[in-house]
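1. the sequence and its predicted three-dimensional model are supplied below.
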Amino acid sequence: MINFIEILFFIFIGAAITSTLALVTRQSLIVSYIFLGVLLGPWGFNEVSDVHIIEAIGDVGIVFLLFLLGLSLHPQKLLIMLRKVSLVSLFSSLAFFALGYFVAKGYGYINSECLVVGAAMMFSSTIIGLKLMPSSVLYHQHMGDLMVGVLLFQDLLAIVVLLVLNAVHVGSVVWTDWLVSLLALPGLLMFAFLVERYLLQLLFAKFDRVQEYLFQLSIAWCLGLAFMGEYFGLTVEVGAFIAGIAIAASPIALFISERLKPIRDFFLILFFFSVGASFDLDFFWANTLFPALILALVLLVAKPAIFGLLLQGVSETKQVAWELGGRLGQISEFSLLIAHLAGAYAIIGLSALNLIQATAIITFVVSSYLTVLRYPTPFALSGHLRKD
């Protein structure tokens, strides 16, 4: 317990200092958390050597982020947006896969590693995309709806990639696992809406004056669906998102959203700290510096351009299309998960693992800075772009 308290002390004292510097210099807070992780982690001053426990706790922040995201979306509105962006998301993901594959191939990685690198490049960060989106835009305007549709489609693709990695690991395709995962999504959706209609609505109405109970019930609902999502072959993130959508139409949704935001932010600080702390800086300088820089540069240029062109092809305005592409110009926390599993399964070596981690950090940092510089965010560099 004492060691864990010491770890939290170093993280949050450091976060207070680096966040202050970030706000004074008009940088993204996300970048300050990653920098702090590199600084205090095993390859920095080694004040926080046990990164795995922080990483596991930080993942809870992603769960709450997706739950709060689901709370803001009416199911009918979400289906309309998914239909609109499905082809855009599919073709853009294939393009990013090809870019990652051929850059890795050009630097001499073996074919299996190139495939994993390409797969990791297909996705954009849910956390960065949504954390740098002003609430007013996310909840009430078109940009937020488009982003959510693209990110959700990518999450579904990520589930397919994780299933493929597992099949390669066990040496064969387990068709029963695929069938369970295929049926899990509609099954979990149906279960969530039935429970919301015949149980949660009654509990919310009967005990709406007991705020502590509403708070506890909403956390139990979020984590319960997250666990079910993982158990049936989806992910905890998808389960939490479904939990949010199921009660989005409830009058209690706004109350739950406001109460859970501080908890979400606490865990997300730990998540981004773990991203920086788990990065092997010595290996990066010696082996993957140039491949990571090239791959990151390619993606930072190509992602906005490809998203921009494809979205204009489905009748979006040029301004909306290119801004969305700019906001999604990084790779994803799912990319880190794919790299971690592929490394654990011995599908890729240390160099390819470090390449994906380095590309993630570089694109996280640069994309966050460019978004803060050019678009409305809570941390915008220009006063007229700063919006909560």
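-> Looks like it came in fine.
2. so for stretch 104-117, mean pLDDT?
-> Mean pLDDT, stretch 104-117: 94.
3. now do stretch 153-168
-> Averaging pLDDT along stretch 153-168 gives 76.
4. low pLDDT regions in the protein?
-> Confidence mapping of the chain against pLDDT under 70 gives the ranges 1-2, 26-27, 73-78, 135-141, 163, 166-167, 169-182, 378-388.
5. closest to the centroid, which residue in it?
-> Note on the chain: the residue nearest the mean C-alpha position is residue 126, at 3.4 Å, using Cα atoms, centre = their mean.
6. for that one, give me its contacts.
-> When contacts are counted by Cβ atoms under 8 Å, 6 or more residues apart in numbering, residue 126 touches 62, 65-66, 69, 151, 155, 237, 332-333. For glycine as for every other residue, the C-beta is placed from the backbone atoms N, C-alpha and C.
7. all helices for the stretch 201-350 of the chain, in order.
-> Under the criterion DSSP state H, counting those that start in this stretch, the stretch 201-350 of the chain contains helices at 201-206, 211-231, 236-246, 253-277, 281-283, 289-313, 318-327, 333-344, 350-374.
8. mind listing what's buried in the shortest one?
-> Spelled out, that is helix 281-283. Residues of helix 281-283 classed as buried by neighbour count (16 or more other Cβ atoms under 10 Å): residue 283.
9. tell me the helices and strands packed up against that helix.
-> Judged by 3 or more Cβ pairs under 8 Å, 6 or more residues apart in numbering; DSSP states H and E, helix 281-283 is in contact with helix 350-374.
10. now do the third one
-> Using 3+ Cβ pairs under 8 Å, 6+ apart, the elements in contact with helix 236-246 are helix 51-71, helix 142-170, helix 175-195, helix 211-231.
11. the first one vs helix 253-277, what angle?
-> Going back to what we said before, that points to helix 51-71. With axes from the mean of the first three to the mean of the last three Cα atoms, to 10 degrees applied, the angle from helix 51-71 to helix 253-277 works out at 150 degrees.
12. pull out the buried positions in helix 51-71.
-> Buried residues in helix 51-71 (16+ other Cβ under 10 Å): 51, 54-55, 57-71.
13. same thing with the longest one?
-> By neighbour count, with 16+ other Cβ under 10 Å as the criterion, the buried positions of helix 142-170 are 143-155, 157-159, 161-166, 168.
14. distance of the residue of the chain most remote from its centre from residue 200?
-> Ranked by distance from the centre of the chain (Cα atoms, centre = their mean), the top residue is residue 206, with 35.3 Å. Here residue 206 is placed at a distance of 11 Å from residue 200 (Cβ to Cβ, to the nearest Å).
15. what angle do the lengthiest helix in the chain and helix 236-246 make?
-> Of all the segments of type helix in the chain, defined by DSSP state H, the longest one is helix 75-106. Relative orientation of helix 75-106 and helix 236-246, computed by the same axes, to 10 degrees: 160 degrees.
16. what's the span of stretch 115-131, first residue to last?
-> 30 Å (Cα to Cα, to the nearest Å).
17. go on, stretch 223-237?
-> 10 Å.
18. same check, this time on stretch 95-114
-> 14 Å.
19. could you pull out the buried residues of it?
-> Under the neighbour-count criterion of 16+ other Cβ under 10 Å, stretch 95-114 has 95-97, 99-101, 103-105, 107, 109, 113-114 buried.
20. cool, stretch 298-311 as well?
-> 298-300, 302-304, 306-311.
21. what sits against residue 279?
-> Counted by Cβ under 8 Å, 6+ apart, residue 279 has contacts 37-38, 41, 43, 354, 357-358, 361.
22. and the residues you listed, which two are furthest apart?
-> 37 and 354 (15.4 Å; Cβ to Cβ).
23. quick one, which of those two is more surrounded?
-> When residue 37 and residue 354 are compared for neighbours, residue 37 comes out ahead with 30 against 24, by other Cβ atoms under 10 Å.
24. other residues contacting stretch 50-65?
-> If you take Cβ under 8 Å, 6+ apart as the criterion, stretch 50-65 is touched by 3-4, 7, 11, 41-42, 48, 126-127, 130-131, 222-223, 226, 236-237, 240, 260, 263-274, 277-278, 333.
25. go again with 6 Å.
-> 226, 236-237, 240, 260, 264, 267-268, 270-271, 274, 277-278 (Cβ atoms under 6 Å, 6 or more residues apart in numbering).
26. same question for stretch 357-367.
-> With Cβ under 6 Å, 6+ apart as the test, stretch 357-367 has contacts from 31, 279, 284, 288, 292, 295-296, 299-300, 329-331, 335-336.
27. then stretch 327-337?
-> Under Cβ under 6 Å, 6+ apart, the answer for stretch 327-337 is 120-121, 123-125, 128-129, 158, 300, 303-304, 356, 360, 363-364, 367, 371.
28. that one: which residues count as buried?
-> Of the residues in stretch 327-337, 327-337 count as buried by neighbour count, 16+ other Cβ under 10 Å.
29. adding distance to residue 24, write those residues out as TSV.
-> Listed next are the buried residues of stretch 327-337 as TSV, based on distance: Cβ to Cβ, whole Å:
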residue	distance to residue 24
327	24
328	28
329	25
330	24
331	29
332	29
333	27
334	32
335	31
336	29
337	33
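30. now, the most widely separated pair of the contacts of stretch 50-65?
-> Maximum distance among the contacts of stretch 50-65 (Cβ to Cβ): 26.2 Å, for 260 and 278.
31. now residue 332. Its backbone dihedrals?
-> Note on residue 332: backbone dihedrals following degrees, to the nearest 10 are phi -120, psi 160.
32. how near is it to residue 365?
-> The gap separating residue 332 from residue 365 is 14 Å, by Cβ to Cβ.
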